[in-house]
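Colleague: With the sequence up front, the predicted model follows.
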Amino acid sequence: MDTMVEDEILVAHFQAGGQDAFDELMKRYKHKIFSYLLRSVKNFEDAEELTIEVFVKVYRALEDWRPQARFSTWLYRIAYNLSIDHHRSKSRRMTYSLDDEELPLDEPMANDLRSNPEWQVEEKDRHRIIRDAVDRLSPNQKAVFMLNRYDGLQLNEIAEVLGIAEGTVKIHLHRAMKKLKTTLEPLWEKNEI
Amino acid sequence: MKTCKQLKELHTEYICDLLDDERMNLMEEHLQHCPSCVHAVGALKNVLCLTGEAGTISIPEPILNNLEVKVYKRLVIESSQSAPVSFLSRIFGVIRSTGNWRIAAACCILILSVPVASIVYYQSRSVVAPLSSNDIQSPHERVEQYKRQQYQADLDNALETVYLRDDDWASVGAFQKMKEQGKGHLWESFPDERLHPRGLAPNGGI
């Protein structure tokens, strides 16, 4: 069955009083939303706090929600708005933020090249350079790139999440790719990444 | 036949698989005899590959597992705080906007008297609306349910450990600890047939 239909059925079930439906929706999307927010705020505590906030907002609004768009798109829109608010309040407060290196890489596997500490350090540096390049994109380019590449959203869904036209999303993605290519190409040609 | 310059704009869409069939065929045809475009497309594919690797993150399971309970806890806290606060702030807002304290006070008394009178009326008639099965479970009840589920999981773990070890409740300590944690939450009421064949009464008759 199509995920969209399933989500809609779950929402209808919740609206009819079935609390289990909300649990299922949380179970389905908590990892995606947490990952999205973690990439955005780069801090575990903040990402967790914001993920909770997303689902609290959804819980409150779900009773009146009508399926004009996909449920997942609505969820990402809430997450996106909260991350924007978070960045704004953070820049106002000028608090210390954790560096990219706080983002955990996949656990190294035993008897693998990845278990070599030297390799891990190199890999971490390599990933940091690449993530820095993504961070240097403009906010819109970065948002479009991350939603498309990491969260697997289609262009029309990204347009709904960000509240912009689909053509604009396409332009942002194109520019983001171009910029990343310009930044990263000299590095991989010199074997630095 | 389109030129390199025209097709260059489609490179991103091509590697992101966003082209329709017609333009996809056009691009693939072009790539068969254009080394410069092949190089450019290859570079973009490399960008996707590198950023994909660097963007892989892992979230510890305990954080994700506890998320539901935290959401419900937040809902419980916020619902208990927000109701009286929002009502009072609304009343003060009216008073502030009217400027006339006497009229505002009279309005407040009127507003407050309606629900109070209705509560008194319904209580005097002892009318209690029965809960229907469709009523949404409150977040507070949900938190309790999660706790009970956790106790049930603990109980299952303890029982499984005992049966696996088969040394007559070698983990009695763990079982007792679990019972302590479950105090006041009626975990004893969980149906578990595995308790009976061993003659283990949940109320401490180990």
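Modeller: It's in. Numbering: from 1, shown residues only, chains lettered A, B, ... in the order given.
Colleague: I'd like the distance between the closest residue to residue B:15 other than its chain neighbours and residue B:8.
Modeller: Once flanking residues are discounted, residue B:15 sits nearest to residue B:44: 4.9 Å by C-beta to C-beta, 6 or more residues apart in numbering or on different chains. Just so you know, the C-beta spots here come from the backbone N, C-alpha and C atoms, and that holds for glycine as well. Here the criterion is C-beta to C-beta, to the nearest Å. By it, residue B:44 lies 11 Å from residue B:8.
Colleague: Contacts only, for residue A:69.
Modeller: If you count contacts by C-beta atoms under 8 Å, 6 or more residues apart in numbering or on different chains, residue A:69 has them with residue A:160.
Colleague: let's go with 10 Å and repeat that
Modeller: Taking C-beta atoms under 10 Å, 6 or more residues apart in numbering or on different chains, we find residue A:69 in contact with A:4, A:77, A:156-157, A:160-161.
Colleague: Which of these fall within helices?
Modeller: Among the contacts of residue A:69, the ones falling in helices (DSSP state H) are A:4, A:77, A:156-157, A:160-161.
Colleague: Quick check, central residue of chain A?
Modeller: residue A:36 (2.0 Å; C-alpha atoms, centre = their mean).
Colleague: Surely it touches residue A:148?
Modeller: No - contact status for residue A:36 versus residue A:148: not in contact, 11.9 Å apart, counting by C-beta atoms under 10 Å.
Colleague: Next, the buried residues of the particular helix or strand that has residue B:44 in it.
Modeller: Assigned by DSSP states H and E, residue B:44 falls within helix B:35-54. If you call a residue buried by 16 or more other C-beta atoms under 10 Å in any protein chain shown, then helix B:35-54 has these buried ones: B:37, B:40-41, B:43-44, B:46-47, B:50-51, B:54.
Colleague: Show me what it is packed against.
Modeller: The criterion is 3 or more C-beta pairs under 10 Å, 6 or more residues apart in numbering or on different chains; DSSP states H and E, and the helices and strands that helix B:35-54 contacts are helix A:117-135, helix A:139-149, helix A:166-189, helix B:4-8, helix B:11-15, helix B:21-31.
Colleague: sorry, back to before: now the buried residues of helix B:35-54 in CSV, please, with extra columns for distance to residue A:16 and pLDDT.
Modeller: Supplementary listing: the buried residues of helix B:35-54 in CSV, determined by distance: C-beta to C-beta, whole Å; pLDDT from 0 to 100:
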residue, distance to residue A:16, pLDDT
B:37, 55, 91
B:40, 54, 90
B:41, 50, 92
B:43, 52, 91
B:44, 48, 92
B:46, 50, 91
B:47, 47, 91
B:50, 47, 89
B:51, 43, 90
B:54, 44, 83
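Colleague: which one of those is nearest chain A?
Modeller: Closest approach between those and chain A, by C-beta to the nearest C-beta: residue B:54, at 3.8 Å.
Colleague: per-domain residue ranges of chain A.
Modeller: If the domains of chain A are taken from automatic domain parsing, they occupy A:1-96, A:115-193, with pieces of a single domain joined by a plus sign.
Colleague: Redo those domains as TSV? Include mean pLDDT.
Modeller: Formatted as TSV, the entries for the domains of chain A read as follows, by pLDDT from 0 to 100:
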stretch	mean pLDDT
domain A:1-96	87
domain A:115-193	88
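Colleague: Dump these into a markdown table; add distance to residue B:75 as well.
Modeller: Putting the domains of chain A into a markdown table (distance: least, C-beta to C-beta, whole Å) gives the following:
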| stretch | distance to residue B:75 |
| --- | --- |
| domain A:1-96 | 6 |
| domain A:115-193 | 24 |
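Colleague: out of those domains, nearest to residue B:151?
Modeller: Closest to residue B:151 of those, according to C-beta to C-beta: domain A:1-96, at 17.8 Å.
Colleague: Contacts only, for residue A:47.
Modeller: Residue A:47 is in contact with A:33-41, A:79, A:83, A:86, A:103, B:57, B:59, B:63, counting by C-beta under 10 Å, 6+ apart.
Colleague: that older thread, which secondary structure element contains the residue nearest to the centre of chain A?
Modeller: Here residue A:36 sits within helix A:19-41, counting by DSSP H and E.
Colleague: so how far is that helix from its chain's centroid?
Modeller: In this view, helix A:19-41 has its centroid 11 Å away from the chain centroid, taken as C-alpha atoms, centre = their mean, to the nearest Å.
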